[in-house]
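Undergrad: fold the following and give me the result.
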Amino acid sequence: MIKKDSLLIAVDYTHNTFSCHNHKGDLFPSIINPLTILESSGKFEKNEEEILDFFDTDSKVEILRIISNKQLNLLQIKKILGHSYGTLHSHIKKMKDLGIVESKDGISERGRAEKILLLSEGVQLKELSECQEELKSVLEEQINNY
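TA: As a prediction, this is how the structure comes out:
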């Protein structure tokens, strides 16, 4: 049973030419998106379309993957991904607006105050290989609705 304001997301942790938007126009159509919503309730269910539209590129999903594995600040994520601060800031602001990511106060290694990013309560990420049955159900539903 799914609880109030919860979101279960399947994330493709591999570079997949079938889902990578850099390969649009290639021989491979986009079959599996980098991010698939398996279950949602509450505010996330109301915003499913907006969430899926936002996570339309691998770079946005990559930010989410990093935050789900380790709580970091924006500068640390910038160093990992090499994206501009402005790009990361706007992506994370949108993730906060969608309720997927939140920040908490922390202390840096140098003893300075900082904002640490983490997944919001009720949000879970799973690797595609961990949720094959749920993904199969979602894909079958999408095919039937097509």
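
Undergrad: now residue 73: closest residue in space that isn't a chain neighbour?
TA: Leaving out its chain neighbours, the residue that sits closest to residue 73 by C-beta to C-beta, 6 or more residues apart in numbering is residue 114, at 4.7 Å. Where you see a C-beta, it was placed from the backbone N, CA and C, and this is true even at glycine.

Undergrad: what's the answer for residue 119, then?
TA: Closest residue in space to residue 119, ignoring its immediate chain neighbours: residue 68 at 5.5 Å, by C-beta to C-beta, 6+ apart.

Undergrad: residue boundaries of the strands in this structure?
TA: Assigned by DSSP state E, the strands in the chain fall at 7-11, 35-40, 101-107, 113-119, 123-127.

Undergrad: now tabulate these in JSON lines and tack on distance to residue 76, mean neighbour count and mean pLDDT.
TA: Shown next, in JSON lines, are the strands of the chain (distance: least, C-beta to C-beta, whole Å; neighbours: other C-beta atoms under 10 Å; pLDDT from 0 to 100):
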{"stretch": "strand 7-11", "distance to residue 76": "20", "mean neighbour count": "23", "mean pLDDT": "87"}
{"stretch": "strand 35-40", "distance to residue 76": "22", "mean neighbour count": "20", "mean pLDDT": "89"}
{"stretch": "strand 101-107", "distance to residue 76": "11", "mean neighbour count": "14", "mean pLDDT": "94"}
{"stretch": "strand 113-119", "distance to residue 76": "9", "mean neighbour count": "16", "mean pLDDT": "94"}
{"stretch": "strand 123-127", "distance to residue 76": "19", "mean neighbour count": "17", "mean pLDDT": "89"}
